[in-house]
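# below is the structure, and that's it, no one-letter string:
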């Protein structure tokens with residue numbers, strides 16, 4: 001099994017047991033070691049009182065990309081620190097895509113930067129996530 005096949009199987013297992021990612025309507029475009037390109041469309045029930053997407057929407061999309069990218073190497077990982085900067089308002093109907101950059105990967109820690117862009121390729125959010133890499137491997 002190639003590294004890419006292994007990554008896809010791990011993310012399949014995670015996604016199939018992840019009601020939040022499915023509720024978001026996430027479409028997985030890329031599952032690869034250290035990378036996860038996700039896409040979703042913002043729906044009316046995701047808006048806040050200002051008629052823009054609730055900040056938790058881009059956060060949750062980014063958090064899913066972090067989980068899939070970090071776990072795709074084959075070791076079970078959990079987030080220990082995350083943060084997000086909201087750059088541009090997100091509206092109903094916007095199509096959001098994640099772009100993951102694996103900044104550092106050691107035996108115990110992984111650091112990821114995730115850019116979220118809209119359908120016009122405008123950056124709408126910047127997310128940073130740090131994960132703890134356990135000593136448990138994914139059994140797939």
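Okay, I see it. Owing to the predicted nature of the structure, the values given are computational and were not obtained by experimental measurement. Numbering: from 1, shown residues only.

# helices along this protein, start to end?
Taking DSSP state H, the helices of the chain run over residues 3-16, 19-24, 55-71.

# specify the angle between the longest strand belonging to the chain and helix 55-71 in degrees.
In the chain, assigned by DSSP state E, the strand with the most residues is strand 123-137. Between strand 123-137 and helix 55-71, the angle comes out at 40 degrees (axes from the mean of the first three to the mean of the last three C-alpha atoms, to 10 degrees).

# what are the buried residues along strand 123-137?
124, 125, 126, 127, 128, 129, 130, 131, 133 (16 or more other C-beta atoms under 10 Å). Every residue, glycine included, has its C-beta placed from N, CA and C.

# separation between the residue lying closest to the third one once chain neighbours are set aside and residue 116?
Spatial nearest neighbour of residue 126, chain neighbours left out: residue 85 (4.7 Å); criterion: C-beta to C-beta, 6 or more residues apart in numbering. Residue 85 sits 10 Å away from residue 116, taking C-beta to C-beta, to the nearest Å as the criterion.

# if you count what's nearby, which of the two comes out ahead?
The neighbour comparison of residue 85 against residue 116 (other C-beta atoms under 10 Å) goes to residue 116, with 27 against 10.
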